[in-house]
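Asks: below are the sequence and a predicted model for it; my questions follow.
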Amino acid sequence: MLYQSPHTAAEAVDLLKKSKGSVHVLAGGSDLLVRMKGGFIEPDLIVDIKRIPATQQIKASKSGFIIGAAVSCAELAQNKALVKAWPGVVEAANLIGSDQIQSRCTMAGNLCNASPAADSVPALIAANAEAVIQGPKGKRVIPVAKVVTGPGKTSLKKGEFIEALKLPSGSAKSGDAYLRFIPRTEMDIAVVSAAVNLSIDAKKVVTDARVALGAVAPTALLVPAGAKALIGSKLEEEALEKLGAACAKACNPIDDKRGTIDFRVKVAKVLATRAAKAAYARAGGK
Amino acid sequence: MSMLISSTINGDTVDFICEPDETLMDALRNRVGLKGVKEGCGTGDCGACSVHLDGKLVCSCLVLGAEAEGRTVETVEGMSDGAKLHPLQTKFIEHAALQCGICTPGFLMAAQTLLENNPDPTETEIRYALAGNLCRCTGYDKIVRAVQDAAAVMRKKSK
């Protein structure tokens, strides 16, 4: 195996493009090294992207935030502007693992690992985040929702890697929230999760919403019908019931030791409703 | 192909050779001889291999040795001031906060990180901060009390 730590995106792309055999991008390593240890992968080349300056920065501007792919989840919590604008995204990222893992794990890595139960992914999808991808044909930007194509699979092509994630600028009248169900209080993988991001007007009526679910399908799901149920409402009981029904309909979960299909569908409704209420409160609705 | 890595480990410049797929944990133990870095699970669940990498608490089993190039690493071996133990080490002994001892270096590194950021943590904050470290002997109560006591000593010293 070879280990390379390029200092520019162009060098990284070149290494990834020319590589033969099994090649893996390393950011925080909290998934990659576990997979290596377990013998699930045997890389011929690892490209560590942490020495590329753009991967290490959080840039805030009027148009939003650009979060480098190697920024650890712990660092997200230390960025006050980011926490204020996207509390749901940050709380989702901070739910991953212990303090030791938080020092290393990244949202871009969480995304590329492509687990259906990834905590930060539903929150990023609800936030309408985008992935900045570097590749042999230059830079391209796609919605985070288009990155994961199935368990362990992404739409990234040979030679490509995610350099950063982009979040829109939050507004005073918007809020987001992420909730997950796990059978213990800390450090577990989501059995079901839900993220809601919404905006309200001066009369506290929801003007815009995005609803996403995790761990109930091969990939995290955007649920447009759930968002539709919220828009135009003040989160009255009827709107929340419609949201729950839309989420239940969107679910396509597996039955496994961690949760049955029925349980997952039921909990998805509950979590989406609670996340909607939390996001509404953060937007200034209640 | 072996790699030559140069890091600052416990304050000293150290060059070591490691394989590209060798973890920092294995490199510290087998190349540098720092056996205070313990292997429990090897997958980031137990925290026995916890070290400080550029001041951040990490599981060294989830870091490649090659990543330590130009970085600073602190292990439990660098915790005492010569023969003078760190207050956390003293209090772990006084409170008998260990039995078999495998988890202890990791707990000490995690507790040190906690007290650097939060000199007066509540019991809940201590339990959350140490949630990445598993101990199968003590039931954790003695460890929590040792950290509380060490925090009190350190607060007094810094006044």
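Replies: Yep, that arrived.

Asks: so what's whichever residue of the stretch 101-250 of chain A sits closest to chain B closest to, chain neighbours aside?
Replies: For the stretch 101-250 of chain A, the residue closest to chain B is A:Ser103, as judged by Cβ to the nearest Cβ, at 4.1 Å. In this view, the C-beta of every residue, glycine as well, is placed from N, C-alpha and C. Sequence neighbours aside, B:Lys56 is the residue nearest to A:Ser103 in space, at 4.1 Å (criterion: Cβ to Cβ, 6 or more residues apart in numbering or on different chains).

Asks: residue contacts, that neighbour?
Replies: Residues near B:Lys56 by Cβ atoms under 8 Å, 6 or more residues apart in numbering or on different chains: A:Ser72, A:Ala74, A:Ser103, A:Arg104, B:Thr113.

Asks: residues touching the second one, list them.
Replies: Right, the one you point to is A:Ala74. Applying Cβ under 8 Å, 6+ apart to A:Ala74 gives the contacts A:Asn94, A:Asp99, A:Gln102, A:Ser103, B:Lys56.

Asks: got it, and the third one?
Replies: In this structure, A:Ser103 makes contact with A:Ser72, A:Ala74, B:Leu53, B:Lys56, B:Leu57, B:Val58, judged by Cβ under 8 Å, 6+ apart.

Asks: how near is it to B:Val63?
Replies: Separation of A:Ser103 from B:Val63 (Cβ to Cβ, to the nearest Å) stands at 10 Å.

Asks: repeat that for the fourth one.
Replies: Distance of A:Arg104 to B:Val63, computed by Cβ to Cβ: 7 Å.

Asks: what touches both of those two?
Replies: Common neighbours of A:Arg104 and B:Val63, using Cβ under 8 Å, 6+ apart, are A:Gly29.

Asks: now do the contacts for A:Glu163.
Replies: Contact analysis of A:Glu163 by Cβ under 8 Å, 6+ apart lists A:Ala9, A:Ile49, A:Ile52, A:Ala54, A:Thr55, A:Gly68, A:Ala69, A:Val132, A:Ile133, A:Gln134, A:Lys139.

Asks: which of these count as buried?
Replies: A:Ala9, A:Ile49, A:Ile52, A:Ala54, A:Thr55, A:Gly68, A:Ala69, A:Val132, A:Ile133, A:Gln134 (16 or more other Cβ atoms under 10 Å in any protein chain shown).

Asks: what's the domain layout of the chain?
Replies: This is for chain A. Segmentation of chain A into domains, based on automatic domain parsing, reads A:2-168, A:184-282.

Asks: not what I meant, chain B
Replies: Split by automatic domain parsing, chain B gives B:3-76, B:87-158.

Asks: show the end-to-end separation of the last one, please.
Replies: From the first residue to the last, domain B:87-158 extends over 12 Å; the measure is Cα to Cα, to the nearest Å.

Asks: please apply the same query to the longest one.
Replies: With Cα to Cα as the measure, the first residue of domain B:3-76 is 25 Å from its last.

Asks: circling back: how about the contacts of A:Glu163 in TSV, adding pLDDT, secondary structure and distance to B:Pro119?
Replies: Formatted as TSV, the contacts of A:Glu163 follow (pLDDT from 0 to 100; DSSP: H, G, I helix; E, B strand; the rest coil; distance: Cβ to Cβ, whole Å):
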residue	pLDDT	secondary structure	distance to B:Pro119
A:Ala9	98	helix	41
A:Ile49	98	coil	36
A:Ile52	98	coil	36
A:Ala54	98	helix	36
A:Thr55	98	helix	33
A:Gly68	98	strand	31
A:Ala69	98	coil	34
A:Val132	98	strand	39
A:Ile133	98	strand	43
A:Gln134	98	strand	42
A:Lys139	97	strand	45
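
Asks: just the helices in the chain please.
Replies: Reading this off chain A. A:9-18, A:32-37, A:73-78, A:80-85, A:87-94, A:99-102, A:107-113, A:120-126, A:224-230, A:237-250, A:261-282 (DSSP state H).

Asks: can you look at chain B instead?
Replies: Using DSSP H, the helices of chain B run over B:24-26, B:87-94, B:104-117, B:123-129, B:141-158.

Asks: I'd like those laid out as CSV, including mean neighbour count and mean pLDDT.
Replies: As requested, the helices of chain B are arranged in CSV below (neighbours: other Cβ atoms under 10 Å in any protein chain shown; pLDDT from 0 to 100):
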stretch, mean neighbour count, mean pLDDT
helix B:24-26, 25, 98
helix B:87-94, 20, 98
helix B:104-117, 23, 98
helix B:123-129, 16, 97
helix B:141-158, 17, 96
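
Asks: how about the residues of chain B near chain A?
Replies: B:1, B:3, B:19-21, B:23, B:42-44, B:47, B:50, B:53, B:56-59, B:61-64, B:66-67, B:69, B:110, B:113, B:128-129, B:131-133 (Cβ under 8 Å from any Cβ of the partner chain).

Asks: now do the contacts for residue 72.
Replies: The chain I'm using is chain A. By Cβ under 8 Å, 6+ apart, the residues touching A:Ser72 are A:Gly28, A:Gln102, A:Ser103, A:Arg104, A:Cys105, A:Thr106, B:Lys56.

Asks: wrong one, chain B
Replies: By Cβ under 8 Å, 6+ apart, the contact list for B:Thr72 reads B:Ser7, B:Thr8, B:Ile9, B:His52, B:Leu53, B:Asp54, B:Gly55.

Asks: if we can go back for a sec, and among the helices of chain A, the most buried is which?
Replies: Highest mean neighbour count of the helices of chain A: helix A:120-126, a mean of 33 (counted as mean count of other Cβ atoms under 10 Å in any protein chain shown).

Asks: in terms of secondary structure, what does it contact?
Replies: Here helix A:120-126 touches helix A:87-94, helix A:107-113, strand A:174-181, strand A:192-200, strand A:206-214, strand A:221-222, going by 3 or more Cβ pairs under 8 Å, 6 or more residues apart in numbering or on different chains; DSSP states H and E.

Asks: in the stretch 51-200 of chain A, what residue lies closest to chain B?
Replies: Ranking the residues of the stretch 51-200 of chain A by distance to chain B (Cβ to the nearest Cβ) places A:Ser98 first, at 2.4 Å.

Asks: before we move on, back to that, the buried ones among the contacts of A:Glu163 also near chain B: which ones?
Replies: Subset of the buried ones among the contacts of A:Glu163 in contact with chain B: empty, counting by Cβ under 8 Å from any Cβ.

Asks: CSV for those, including distance to A:Thr219?
Replies: CSV is the format used below for the buried ones among the contacts of A:Glu163 (distance: Cβ to Cβ, whole Å):
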residue, distance to A:Thr219
A:Ala9, 26
A:Ile49, 23
A:Ile52, 27
A:Ala54, 27
A:Thr55, 24
A:Gly68, 24
A:Ala69, 19
A:Val132, 20
A:Ile133, 17
A:Gln134, 23
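
Asks: grab the nearest non-local neighbour of the residue nearest the centre of chain B.
Replies: Centroid-nearest residue in chain B, with Cα atoms, centre = their mean: B:Met109, separated by 2.8 Å. Closest residue in space to B:Met109, ignoring its immediate chain neighbours: B:Ser50 at 4.3 Å, by Cβ to Cβ, 6+ apart.
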